[in-house]
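>>> quick one, what's the 3D model for this:
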Amino acid sequence: MSAAILLLSDGRPGHFNQSHSLFAATDPARSTRRVLTLPAPRKRLKHLVLAAFLLARRSNLLLRLLYRAYYGVPLPVIDERLIVSTGGDTLVANLLLAAAYRLPNIFVGKPSTYTRCGVRLLVTSIGAPSPGRVIVLRLGPVAITPRPRTTPTKLRRRVAVLLGGDSNEYHYHAADYRALAIALNSLCHRHGLRLLLTTSRRTAAEGEAILEQFLDPAVVEDCTWYNRAPRPVSQQYCEQADLILCSEDSGTM
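Purely as a prediction, here's the structure:
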């Protein structure tokens, strides 16, 4: 029996987690799912392909040509009944596959002309809800794995810091990272806190270097420099912390 739902993945755990979480939370029948990992796209063609999609969405031949132009491979054969994806790098595949196979689709991401025209249901944290079309959440639909709370062997007041980085809306400069490190030092010394800090795939290597330079080692209990040695520690740090700080650009961490 074929899978009922196709989840598109761009290879980024934070994006795929949202698609999987949405699938798990909204499917009481527990339909089967299949994951399609997308090839690396030719990003410079993105806006051109999306603009062409608006004109070509009723022509299977043109949809197939656009998919090949953007991903460098033929349009895949699918027989699922629903397409779900998260993040801008999956949007092109979501739109083209849904149009080519006349399937309903769900996209988790930002509103745009293309999502309004080509997505059956948009899940977003921006804008206003629309019955049957747009669901607005305060945070992305990220699943966590419940674990029994453990009693720490030593009583330490910890603060988990989940730090993102540059995106379309947010831009960090060297002075921002330096100011953040100095502020965290002050916070920890003033209140007797210890840091559990993780950066993310968006955090620039320069930013990680500045943080490492200016953070006081005396207040750091554990750091994960994601660009050097990525570890999925966000949930672990949050479970161990008394206080959680998350940069505004990284609500899904």
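
>>> so what's the residue count around the closest residue to G192 other than its chain neighbours?
Here the nearest residue to G192 in space, its sequence neighbours aside, is R157; by Cβ to Cβ, 6 or more residues apart in numbering that works out to 5.8 Å. Bear in mind the C-beta positions are built from the backbone N, C-alpha and C, glycine included. Using other Cβ atoms under 10 Å, R157 has 12 other residues around it.

>>> R157 contacts R190, correct?
No - with contact defined as Cβ atoms under 8 Å, R157 and R190 do not form a contacting pair (11.6 Å).

>>> and the strands in the stretch 101-250 of the chain?
Here the stretch 101-250 of the chain has its strands, by DSSP state E, counting those that start in this stretch, at 105-108, 121-124, 134-136, 157-162, 193-198, 220-224, 243-246.

>>> re earlier: bridged to the residue nearest to G192, which residues?
Beta bridges link R157 to L193 when assigned by DSSP bridges.

>>> residue contacts, it?
Counting by Cβ atoms under 8 Å, 6 or more residues apart in numbering, R157 touches 191-194, 242-243.

>>> can I have the buried ones of the residues you listed as a ChimeraX selection?
To isolate the buried members of these in ChimeraX, using 16 or more other Cβ atoms under 10 Å:
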select :193,194
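
>>> what is the most widely separated pair among the contacts of R157?
Farthest apart among these by Cβ to Cβ are G192 and L243. That separation is 11.7 Å.

>>> could you report the distance from the nearest residue to I182 once chain neighbours are set aside to L184?
Among residues not flanking I182 along the chain, F214 sits closest, at 6.1 Å (Cβ to Cβ, 6+ apart). Applying Cβ to Cβ, to the nearest Å, the value for F214 to L184 is 9 Å.

>>> looking at these two, which is more packed in?
Neighbour totals were compared for F214 and L184, and L184 leads with 23 against 15 (other Cβ under 10 Å).

>>> that one and L195 touch, don't they?
Yes - L184 is in contact with L195 according to Cβ under 8 Å; the separation is 6.3 Å.

>>> overlap in contacts, the two.
The overlap between the contact sets of L184 and L195 (Cβ under 8 Å, 6+ apart) consists of 159, 161, 215, 219.

>>> what about the first one, how many neighbours?
By the other Cβ under 10 Å criterion, the neighbourhood of V159 contains 21 residues.

>>> gap between it and R178?
Going from V159 to R178 by Cβ to Cβ gives 19 Å.

>>> show me what contacts T37?
Counting by Cβ under 8 Å, 6+ apart, T37 has contacts 9-11.

>>> nearest to V136, of those?
Checking the contacts of T37 against V136 by Cβ to Cβ gives D10 as the nearest, at 22.9 Å.

>>> now do the closest one against Y67, distance only.
In terms of Cβ to Cβ, D10 sits 15 Å off from Y67.

>>> what does R44 give?
On the measure of Cβ to Cβ, R44 and Y67 end up 16 Å apart.

>>> how near is N60 to V77?
Distance of N60 to V77, computed by Cβ to Cβ: 13 Å.

>>> revised request: answer the last question for L96.
Distance of L96 to V77, given as Cβ to Cβ: 13 Å.

>>> just the helices in the stretch 101-250 of the chain please.
Per DSSP state H, counting those that start in this stretch, the stretch 101-250 of the chain carries helices over the ranges 113-118, 174-191, 205-214, 234-240.

>>> which one of the ones you listed lies closest to L137?
That would be, of these and by Cβ to Cβ, helix 113-118, which comes in at 15.1 Å.

>>> would you mark the buried spots in the closest one?
Neighbour-count burial for helix 113-118 [16+ other Cβ under 10 Å]: 114-115, 118.

>>> what do you get for stretch 229-238?
In stretch 229-238, counting by 16+ other Cβ under 10 Å, buried: 233-234, 236-238.
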